[in-house]
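Engineer: sequence isn't available, so here's the structure alone:
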């Protein structure tokens with residue numbers, strides 16, 4: 001083993017990545033970003049496990065990283081499928097603090113023993129994941145690339161297509177738990193200054209160091 005390989009192994013971490021989903025179970029920006037992050041971190045020499053809710057449980061190895069499929073901790077995992085209005089309302093309410101998601105996070109942390117918890121799409125796996133990591137003594141980082149934590153539609157856009165000037169009262173009141181749990185991550189990364197500053201301006205991630 002040469003010195004470069006020795007140094008690489010010394011710097012490698014065990015990284016747990018809770019995710020909304022992964023392709024082919026679900027496509028879209030969140031799942032694809034999570035998959036690309038896992039592949040990139042594995043290529044850098046880190047030991048990566050990604051877990052997400054799916055229609056069936058199980059675990060595999062994809063491209064060198066672990067994949068664990070868990071039962072949905074919320075009422076359903078595929079929120080893109082039509083659901084009764086009451087179920088949608090209950091799903092969004094649980095996204096502010098879901099004790100079943102917290103239990104799933106604790107099980108994964110206890111089993112994998114990560115050095116870091118890294119989230120990008122926090123839907124389904126829930127904001128309580130950050131609290132579970134802190135209570136286990138594990139640092140966490142969140143990657144923000146949408147306004148899901150501020151807006152239940154993830155867009156901060158009105159029905160007429162106009163951008164919202166700020167967080168409306170409805171979204172603010174239905175995101176209280178998300179804002180509260182954002183105090184736990186130690187780091188916040190984003191695709192732009194705009195997406196980071198939008199979160200900070202509305203009182204999110206007060207304890208996190210930021211990086212584009």
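Structural biologist: In hand now; what should we look at? Note that this is a predicted model, so its numbers are computed, not measured.

Engineer: how far away is the residue nearest to residue 32 when sequence neighbours are not counted from residue 34?
Structural biologist: Distances taken as CB to CB, 6 or more residues apart in numbering place residue 23 nearest to residue 32, at 6.2 Å, with adjacent residues excluded. For every residue, glycine as well, the C-beta is placed using N, CA and C. Distance, residue 23 to residue 34, by CB to CB, to the nearest Å: 9 Å.

Engineer: same thing with residue 104?
Structural biologist: Applying CB to CB, the value for residue 104 to residue 34 is 16 Å.

Engineer: what's the answer for residue 110, then?
Structural biologist: For residue 110, the distance to residue 34 (CB to CB) stands at 22 Å.

Engineer: neighbour count: the two, which is higher?
Structural biologist: Set residue 110 next to residue 34 and count neighbours by other CB atoms under 10 Å: residue 34 wins out with 24 against 10.

Engineer: so what's the more buried one closest to, chain neighbours aside?
Structural biologist: residue 19 (3.9 Å).

Engineer: might you report the residue contacts of the one you found?
Structural biologist: 30-31, 34, 50-52, 119-121, 125 (CB atoms under 8 Å, 6 or more residues apart in numbering).

Engineer: closest one of those residues to residue 40?
Structural biologist: For those, the residue nearest residue 40 by CB to CB is residue 34; the value is 10.9 Å.

Engineer: pLDDT value on the spatially most central residue of the chain, please?
Structural biologist: Residue closest to the mean C-alpha point of the chain, counted by CA atoms, centre = their mean, is residue 122 at 2.8 Å. Note on residue 122: pLDDT of 93.

Engineer: my guess is it contacts residue 17. True?
Structural biologist: No: counting by CB atoms under 8 Å, residue 122 stays clear of residue 17, with 11.1 Å between them.

Engineer: surely the residue nearest to residue 32 touches residue 33?
Structural biologist: No: with contacts counted by CB under 8 Å, residue 23 stays clear of residue 33, the gap being 10.7 Å.

Engineer: looking at the two, which is more packed in?
Structural biologist: A direct count of neighbours by other CB under 10 Å for residue 23 and residue 33 places residue 33 higher, at 18 against 11.

Engineer: strands along the protein, start to end?
Structural biologist: Here the chain has its strands, by DSSP state E, at 14-18, 47-53, 58-62, 65-70, 116-119, 139-144, 187-190, 209-211.

Engineer: right, and the ones you listed - which one's nearest residue 94?
Structural biologist: Closest of these to residue 94 is strand 47-53, at 12.5 Å (criterion: CB to CB).

Engineer: how far off centre is the closest one?
Structural biologist: Here the centre of strand 47-53 is set off from its chain's centre by 11 Å, with CA atoms, centre = their mean, to the nearest Å.

Engineer: any stretches of the protein with poor pLDDT?
Structural biologist: Along the chain, the model assigns pLDDT under 70 to residues 1-10, 159, 161, 212.
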